[in-house]
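1. After the sequence you'll find the predicted model.
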Amino acid sequence: MHRLFGRLWAAFLFGMLLCIPTHASAEDGYQLWLRYQPLSAAQRAHIPDSILTLGADTPMKGAARAELQRALDGLTGKAPASIDKARLDTIVLARGADLPAGLDAASAVREQLRKLGDEGYLVRRAKLDGVAVTLVAANTDAGLLYGSFAWLRQLQLGTRADQIALASSPTLPLRVLNHWDNLDRTVERGYAGESIWNWWELPHIIDPRYTDYARANASLGINGTVLNNVNSKAEVLGAPFIAKAAAIADVLRPYGIRVFLSVRWSTPLEMKQTKTADPLDPEVAAWWKNKADEIYRTIPDFGGFLVKANSEGQPGPQDYRRNHADGANMLARAVAPHKGIVMWRAFVYASPEESKAGKEHDRAVEGYDQFIPLDGKFDDNVLVQVKNGAIDFQPREPAHPMFGAMPKTPLIMEFQITKEYLGFATHLAYLGPMFQETLEFDTRIGGRKLTVADTIQGKQGRVGGIAGVANIGSSRNWSGSIFDQANWYMYGRMAWDQGLDSRVIAREWTAQTFSPDARVVDPVVNLMMRSREAVVDYMTPLGLNHVMGSSHHHGPAPWVDNLERADWNPIYYHRAGRDGIGFDRTAKGSNAVAQYAPEVARRFADPKTTPPELLLWFHRLPWDYKMPSGRTLWEELVARYDHGVAEAAAMQAEWQRMKPFVDAQRFTDTAQRLAQQHVEAQWWRDASIAYFQDVSGLPLPAGVRKPAHSLDHYKSIRFPYAPGI
Ligand code: BDP
């Protein structure tokens with residue numbers, strides 16, 4: 001008892017030094033899910049009064065301690081000054097190597113830590129010098145940080161402090177955010193204000209927001225961030241920008257987050273420091289090697305490069321008749337001596353010889369066609385980053401056929417958290433069910449159950465990672481809307497564990513963001529869980545896709561047929577005419593189905609065994625095709641649009657019932673967005689029905705309401721100042 005008290009006294013004094021008073025702030029969403037509101041008296045009775053970190057002090061342990069202190073201040077509603085000696089309780093943070101002699105459970109803890117890897121943690125009750133404590137144990141400081149956040153999450157969810165027992169480790173080593181942030185602070189597909197990175201003021205002026213960004217990500221276990229847009233610029237690799245990135249890296253490091261950069265393939269050429277960007281040219285390889293050395297001198301734990309090459313007009317190795325492996329490997333060799341990696345994107349949809357003699361081209365097959373032959377040709381530190389679906393972040397896509405098809409190459413799953421194609425930050429669409437749908441997709445590769453999650457976790461080949469295109473900006477609430485924070489949260493939780501259920505994650509987020517009261521959690525979670533399907537129904541039902549307004553992707557535009565490339569036009573995707581609608585990806589059409597394992601290919605090849613949700617993705621069918629519901633395809637399509645609008649109305653009504661439980665600011669902001677979502681859902685429905693009625697020449701099914709305006713009206717609507725372009 002006395003020894004422990006001595007340790008605590010030292011911890012307490014240290015805590016006093018660190019203690020920064022917190023001010024109760026308005027509920028404007030800035031605190032995200034780390035609100036640390038006072039707990040109920042019953043819960044509070046069991047909460048530790050003090051924090052003890054064992055072993056040598058490090059910035060990461062300091063970060064964990066500061067977070068615990070901040071949280072305990074908030075959760076207990078008091079400063080830590082009043083240690084109640086009669087009911088002394090403490091939270092002890094110790095790495096396996098630092099477990100103290102007086103710990104009763106030491107050998108059991110060591111045993112468990114053996115299974116928890118570099119980033120895992122263990123939280124349990126134990127006795128130290130005979131006194132009950134809460135122990136957070138891990139093999140590394142990062143584990144201690146994650147364990148501290150996990151413990152705080154449980155407290156915020158309403159679990160009593162003395163009943164928390166946790167053991168967890170991440171399923172993937174690489175869990176990153178991709179910022180599509182430009183150097184002028186605009187954000188490609190960003191709907192939450194400017195970039196949080198104030199490039200102009202960096203590296204001299206450090207916005208405290210960078211620390212809060214790091215805290216939020218560390219609370220989820222995100223351990224990497226790509227600072228800039230995949231459509232990158234040569235300047236990113238100039239000395240001034242490297243210094244700016246280094247300043248951000250310094251802030252993120254204590255939170256276990258490594259910094260990466262998106263690089264433009266032609267950088268050395270554009271900087272006029274080489275005569276070519278050919279990856280096989282020794283001068284080019286030497287340039288990249290020197291550049292990597294330069295970066296690592298300022299950012300010793302730099303993560304590596306993310307590359308978008310030969311995609312949407314970006315330069316790449318194919319400009320020199322080299323392939324993606326040639327390009328990726330050259331960069332990989334530059335960062336390999338520093339243990340860096342290259343994340344090479346597979347988002348390509350046009351081959352170099354694309355216009356191969358007028359042959360019908362299916363954008364959906366291109367990534368697979370270009371990359372599968374390269375399996376086994378990439379260096380060990382190259383990971384190929386694949387979007388969740390083969391087209392482009394649509395409200396619903398079947399899983400990309402590349403998952404599982406490259407067993408010798410580690411793949412990174414790329415999800416889009418920012419809602420470019422799902423209503424920006426205006427529409428409430430919780431993406432949890434969508435990400436889960438992809439991760440759980442059974443590839444049947446090898447004729448056995450093999451989910452997409454299994455393929456990136458290395459259950460079939462090499463271990464990969466996960467990336468999320470961030471929805472984070474400088475808007476006060478970070479994500480443009482409160483409910484868009486849930487998508488950031490959900491992404492981070494699923495990045496840690498792909499087996500987590502999206503509903504469970506929604507419950508966690510709601511409890512921490514609003515209140516653990518069941519009168520809030522149950523209805524809000526129900527609203528969230530139906531939201532993405534509502535969006536699918538009013539925007540892209542039955543497997544339709546890519547029918548959004550040109551370039552900004554806001555609103556319906558299924559009629560667009562005049563864009564430069566055929567596969568940028570909505571009419572290319574839906575192929576609607578008098579005789580039917582949909583894209584034939586069976587053997588009679590592009591045969592994209594053949595890219596899946598035989599069992600899956602067979603299922604998708606037959607409209608009868610294709611899930612209705614993906615029907616028009618794989619099949620072109622007559623309007624009077626009989627659906628499982630007994631309706632014709634046309635009737636079903638119209639019914640789905642109507643259902644989507646009804647869902648938007650229901651979501652709006654459900655939120656209204658939350659008024660007594662939610663603070664005015666967040667309630668009103670959300671209510672306004674839901675009202676606008678309902679209006680836009682109606683617009684999507686009306687414009688789409690008006691158009692498909694026009695091309696099909698069919699009358700509206702009986703009892704269906706006519707679109708409010710003429711097709712010409714919908715076609716005339718323009719959005720010259722839509723955000724995110
Ligand atoms: C598309 C976006 C575009 C991105 C591209 C990509 O519209 O802004 O640059 O994806 O992922 O969906 O590279």
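-> That came through fine.

2. only C-alpha atoms for contact and neighbour calcs from this point on.
-> Will do.

3. check which helix or strand covers Gln112.
-> helix 106-113 (DSSP states H and E).

4. residue contacts, the residue nearest to Leu621 when sequence neighbours are not counted?
-> Closest residue in space to Leu621, ignoring its immediate chain neighbours: Gly580 at 5.2 Å, by CA to CA, 6 or more residues apart in numbering. With contact taken as CA atoms under 8 Å, 6 or more residues apart in numbering, Gly580 is in contact with 620-623, 696.

5. before we move on, what about Gly316?
-> If a contact means CA under 8 Å, 6+ apart, then Gly316 has 265-266, 308-310, 327 as its contacts.

6. The helix or strand of the chain with the lowest mean pLDDT: what's the following helix or strand?
-> Ranked by mean pLDDT, DSSP states H and E, the weakest helix or strand in the chain is helix 2-18, scoring a mean of 53. Following helix 2-18 in sequence order, the next helix or strand is helix 41-44 (DSSP H and E).

7. who touches that next one?
-> Counting by CA under 8 Å, 6+ apart, 75-76, 158-161 sit against helix 41-44.

8. and with 10 Å instead?
-> 38, 72, 75-77, 155, 158-162 (CA atoms under 10 Å, 6 or more residues apart in numbering).

9. Can I get those residues in TSV including secondary structure and distance to Leu527?
-> TSV is the format used below for the contacts of helix 41-44 (DSSP: H, G, I helix; E, B strand; the rest coil; distance: CA to CA, whole Å):
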residue	secondary structure	distance to Leu527
Pro38	coil	26
Leu72	helix	31
Leu75	helix	28
Thr76	helix	31
Gly77	coil	31
Leu155	helix	24
Gly158	coil	22
Thr159	coil	24
Arg160	coil	28
Ala161	helix	30
Asp162	helix	33
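
10. Tell me if I'm right that Arg575 and Ala566 touch.
-> No: Arg575 is beyond contact range of Ala566, at 11.7 Å (criterion: CA atoms under 10 Å).

11. any idea whether Arg718 is helix, strand or coil?
-> coil (DSSP: H, G, I helix; E, B strand; the rest coil).

12. meant to ask about Val133, not that
-> Secondary structure of Val133, per three-state DSSP, is strand.

13. so it bridges to which residues?
-> Beta bridges link Val133 to Ala126 when assigned by DSSP bridges.

14. Any figure for the gap between it and Thr443?
-> 46 Å (CA to CA, to the nearest Å).

15. likewise Gln31?
-> Applying CA to CA to Gln31 and Thr443 gives a distance of 39 Å.

16. what does Leu39 give?
-> 45 Å.

17. And Val187, by the same measure?
-> 34 Å.

18. same question, Ser479
-> Relative to Thr443, and taking CA to CA, Ser479 is found at 33 Å.

19. Equivalent analysis for Trp199, please.
-> 43 Å.

20. same deal with Ala671?
-> From Ala671 to Thr443 the distance is 40 Å (CA to CA).

21. picking up where we left off before, okay, Leu39 and Thr443: which has more neighbours?
-> Ranked by neighbour count (other CA atoms under 10 Å), Leu39 and Thr443 place Thr443 first, with 28 against 20.

22. residues touching that one, list them.
-> With CA under 10 Å, 6+ apart, Thr443 has these contacts: 399-405, 449-455, 596-601.

23. Can you say which of those residues are buried?
-> Buried by 16 or more other CA atoms under 10 Å: 399-405, 450-455, 596-601, out of those.

24. what separates the residue nearest to Leu621 from Arg603, distance-wise?
-> In this view, Gly580 and Arg603 are 21 Å apart by CA to CA.

25. swap in Ala94?
-> Applying CA to CA to Ala94 and Arg603 gives a distance of 52 Å.

26. Have a look at these two and say which one is more surrounded.
-> Shown here are Ala94 and Arg603; by other CA under 10 Å, Ala94 has more neighbours (24 against 15).

27. Next up, phi/psi of the closest residue in space to Val251 that isn't next to it in sequence, please.
-> With CA to CA, 6+ apart as the criterion, Val251 has its nearest non-adjacent residue at 6.3 Å, and that residue is Thr211. Main-chain dihedrals, Thr211, degrees, to the nearest 10: phi -70, psi -40.

28. just Thr58 next, same as before
-> Per degrees, to the nearest 10, the backbone of Thr58 is at phi -140, psi 160.

29. Ala286 and Ala334 touch, don't they?
-> Yes: at 8.0 Å, Ala286 and Ala334 qualify as touching, with contact defined as CA under 10 Å.

30. any residues in contact with both of those two?
-> Between them, Ala286 and Ala334 share these contacting residues under CA under 10 Å, 6+ apart: Ala292.

31. Same drill for the two, tell me which one is more crowded.
-> Using other CA under 10 Å, the more surrounded residue of Ala286 and Ala334 is Ala334, with 23 against 14.

32. Spit out the contact partners of that one.
-> Ala334 neighbours (CA under 10 Å, 6+ apart): 285-293, 304, 340-342.

33. Spatially, what comes nearest to it if we skip its sequence neighbours?
-> Lys289 (4.2 Å).

34. packing partners for the helix or strand hosting the one you found?
-> In the assignment (DSSP H and E), Lys289 maps to helix 282-298. If you count contacts as 3 or more CA pairs under 10 Å, 6 or more residues apart in numbering; DSSP states H and E, helix 282-298 packs onto helix 239-252, helix 267-270, strand 304-307, helix 324-335.

35. Just name the most buried of the ones you listed.
-> Greatest average neighbour count among the helices and strands packed on helix 282-298 goes to strand 304-307 (a mean of 26), per mean count of other CA atoms under 10 Å.

36. Would you give the sheet partners of that strand, along with the direction of each?
-> strand 258-263 (parallel), strand 341-345 (parallel).

37. Strands along the chain, start to end?
-> When assigned using DSSP state E, the strands of the chain occupy the ranges 50-53, 90-95, 121-128, 131-138, 166-168, 174-178, 224-226, 258-263, 304-307, 341-345, 382-387, 411-416, 465-469.

38. For Gln314, which of the ones you listed is the nearest?
-> Smallest distance to Gln314 across the strands of the chain (CA to CA): 9.8 Å, for strand 304-307.

39. Can you give the distance of that closest one from its chain's centre?
-> In terms of CA atoms, centre = their mean, to the nearest Å, the centre of strand 304-307 is found 17 Å from the chain centre.

40. what is the mean pLDDT for it?
-> Regarding strand 304-307, the rounded mean pLDDT is 98.

41. May I ask which two of the contacts of helix 41-44 are separated the most?
-> Top of the distance list for the contacts of helix 41-44 (CA to CA): Gly77 and Asp162, 18.5 Å.

42. quick one, which of those two is more surrounded?
-> Asp162 (18 against 14).

43. Which residue is the nearest non-sequential neighbour of that one?
-> The nearest residue in space to Asp162 (CA to CA, 6+ apart) is His46, at 6.1 Å.

44. pretty sure that neighbour contacts Gly158?
-> No: between His46 and Gly158 there is no contact under CA under 10 Å: 11.9 Å.

45. Overlap of the contact sets of these two?
-> Shared contacts of His46 and Gly158 (CA under 10 Å, 6+ apart): none.

46. ok, so what distance separates the closest residue to Ser502 other than its chain neighbours from Gln672?
-> Leaving aside its sequence neighbours, Ser502 sits nearest to Gly432 (CA to CA, 6+ apart; 4.8 Å). With distances taken as CA to CA, Gly432 is found 23 Å from Gln672.
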